[in-house]
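Asks: What follows is a protein structure lacking sequence information:
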């Protein structure tokens, strides 16, 4: 299969590229290398089945011709930081919604028949139903990030309906693992590396969050592409558990052999638009035969070990 | 109260302007006059409480300073035609989502504390729950128009959360009445004016649709603004009934004294993304004390009588 990945030099994109190449697929990556990293593609770039197009999806157009002959577009490129939306209110719309419309047009114009998209559990806002299923009550958005992702989801579904393009939409919990470059494990590890005796925690530490290992994430994406039967296929992606921020801090510090003093900024939300309880019902993707190989704890520990073994990841970010 | 209306020269905008002026409010209208009509503002322009700013929300910036000192923004400007999305796939995103983000920024920057927005029942896609309440299951979008409106809703809710701006989101059924310039009554009237003996109907005539009289619509908007207590307030707007396309054709032709031969294009959908059954649960807005003054039949008849008395509306459109 010929697969094009946008955001291929990013955390999830580069893991997906390696996974697809290991299965013998041809992979074309598109990335503007703004947050993506060439060194994440070291292995892929040595594989003759891989090609990288360095271009910007929002402002460039050279990337569009790379869509010709693809069997599947996996659109992962995004502004992925949910926390700083209020500081630059147009960025999520531009990077997530407008870019998605451009990617959809290139998909349509080049006759590509399948598109997969990385959405987020943030689209559920603060859902009254937990664990949250895909058909949860119509959400009220609480973050510009979530709003931009629900905008992209809507355009993808509408393109599917109008042009017969098959769509796979994945609502991720937070993903972690090798090449992870932002999020709470990253922030805590970075703090502890500089000041091993103290840790500042946004919120009160009781927020309940969900995480999934990136290796399980990329397997889930391809399971859905292979086994789904509908035109618009929407899946939550996560494990069957959640953890408190304080649990995660315990695993991180134990892995590092540290016992820092913790200071909490207080409140049940770490930032504006933060959701104090994220737990998705993932029975739909499980019904296709997929299941995660790592628990949340195992994923957190593996991520800390990866960061410790790869100090260059912190230096660049 | 100082109220700014975007799309003030449009169908709903001009009716709302007249209504607000009749209540003694000051009204600033913004319109690029692309589909809006200056003659719809004939009465408003004679009122010293009204001011019109002719500018384009997507490409202009002169309109932004008009937001200063407003108590309420009513954002109605939009690409309002749900049918032709697939012919120009970027238009809904630009006119509905990107413009809404620009309007939100002007609202925030100018310290305006309230915004009302005209969304649509199309955001529910083909909902399995009918009549459809505001917290219906998470929809799958079937039109680019609906997708762009759900994008705008999401950004408005996120701005409310991030910046404490109070939001009123209205999911309209199709609105009709004085100054109505597009939709099925318009299309049928126009056909019958040219060829009184024949009528071509998109679909098979059995689609069940909902309509609301524009005078009831503008009263509902202001009822919600006055009586809502939440930060993000979302209301369906419609009557407690629906009709078949064939019912509506019967009312239109009876009003005109015609008995045309009908030809049907067939199928349960009039166009790609058309929804064969739209019926919203409007008990939430009714709980504030509002109720419609006209039935769907009365609204259709009044619209036909308006079109007959105002042939210039057809000539311009």
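Replies: Yep, that arrived. Note that the coordinates shown come from a computational prediction; the quantities given were computed from them, not determined experimentally.
Asks: alpha carbons only for contacts and neighbour counts from here, please
Replies: Fine.
Asks: Spatially, what comes nearest to residue A:218 if we skip its sequence neighbours?
Replies: Counting by C-alpha to C-alpha, 6 or more residues apart in numbering or on different chains, the nearest residue to residue A:218 once its immediate chain neighbours are dropped is residue A:16, at 5.5 Å.
Asks: Just after the helix or strand encompassing that neighbour, pick out the following helix or strand.
Replies: Per DSSP states H and E: residue A:16 is located in helix A:11-22. Scanning forward in sequence from helix A:11-22 by DSSP H and E, the next helix or strand is strand A:26-31.
Asks: how about the residue lying closest to residue A:204 once chain neighbours are set aside, what does it touch?
Replies: The shortest distance from residue A:204 to any non-neighbouring residue, by C-alpha to C-alpha, 6+ apart, is to residue A:266 (4.5 Å). Going by C-alpha atoms under 8 Å, 6 or more residues apart in numbering or on different chains, residue A:266 touches A:202-204.
Asks: Chain B contacts on chain A?
Replies: With C-alpha under 8 Å from any C-alpha of the partner chain as the criterion, chain A meets chain B at residues A:86, A:89-90, A:93, A:98, A:101, A:105, A:134-144, A:146-148, A:150-152, A:154-155, A:157-159, A:161-162, A:272-273.
Asks: Mind doing that once more with 6 Å?
Replies: Contact residues (C-alpha under 6 Å from any C-alpha of the partner chain) of chain A with chain B: A:135-138, A:141-144, A:147, A:151, A:154-155, A:157-158, A:161, A:272.
Asks: give me the beta-bridge partners of residue A:170?
Replies: Counting by DSSP bridges, residue A:170 is bridged to residue A:118, residue A:235.
Asks: what residues are up against it?
Replies: By C-alpha atoms under 6 Å, 6 or more residues apart in numbering or on different chains, the contact set of residue A:170 is A:118-119, A:234-236.
Asks: For those, give me CSV that also has neighbour count and pLDDT.
Replies: Below are the contacts of residue A:170 laid out as CSV (neighbours: other C-alpha atoms under 10 Å in any protein chain shown; pLDDT from 0 to 100):
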residue, neighbour count, pLDDT
A:118, 19, 97
A:119, 29, 97
A:234, 24, 98
A:235, 23, 98
A:236, 24, 98
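Asks: helix or strand for residue A:105, which one?
Replies: helix A:99-109.
Asks: Can you tell me what sits against that helix?
Replies: By C-alpha under 6 Å, 6+ apart, helix A:99-109 touches A:58, A:64, A:152.
Asks: now, which of those sits nearest chain B?
Replies: Nearest to chain B, judged by C-alpha to the nearest C-alpha, of the contacts of helix A:99-109 is residue A:152 at 7.9 Å.
Asks: Spatially nearest residue to that closest one, not counting backbone neighbours?
Replies: Residue nearest to residue A:152 in three dimensions, not counting chain neighbours: residue A:97, with 5.0 Å by C-alpha to C-alpha, 6+ apart.
Asks: show me what contacts that neighbour?
Replies: By C-alpha under 6 Å, 6+ apart, the contact list for residue A:97 reads A:148, A:151-152.
Asks: how far away is the residue of the stretch 201-317 of chain A found nearest chain B from residue A:202?
Replies: Relative to chain B, the nearest point of the stretch 201-317 of chain A is residue A:272 (6.0 Å; C-alpha to the nearest C-alpha). To residue A:202, residue A:272 is 11 Å away according to C-alpha to C-alpha, to the nearest Å.
Asks: Go ahead and name everything in contact with the helix or strand that contains residue A:224.
Replies: Per DSSP H and E: residue A:224 is located in helix A:214-227. With C-alpha under 6 Å, 6+ apart as the test, helix A:214-227 has contacts from A:16, A:175-177, A:292.
Asks: that older thread, what residues of the helix holding residue A:16 count as buried?
Replies: Using 16 or more other C-alpha atoms under 10 Å in any protein chain shown as the test for burial, helix A:11-22 gives A:11-21.
Asks: Contacts for it next, please.
Replies: Helix A:11-22 has contacts (C-alpha under 6 Å, 6+ apart) with A:7-8, A:179-180, A:218.
Asks: Filter the residues you listed down to the ones in helices?
Replies: Under the assignment DSSP state H, the contacts of helix A:11-22 contribute residue A:218 to helices.
Asks: If we only consider the contacts of helix A:11-22, which is nearest to residue B:74?
Replies: Nearest to residue B:74 among those, counting by C-alpha to C-alpha, is residue A:7 at 37.7 Å.
Asks: hang on, that closest one packs against residue A:74?
Replies: No. Using C-alpha atoms under 6 Å, residue A:7 makes no contact with residue A:74, being 8.9 Å away.
Asks: who's more crowded, those two?
Replies: Taking other C-alpha atoms under 10 Å in any protein chain shown, residue A:7 and residue A:74 do not tie; residue A:7 has more neighbours (27 against 24).
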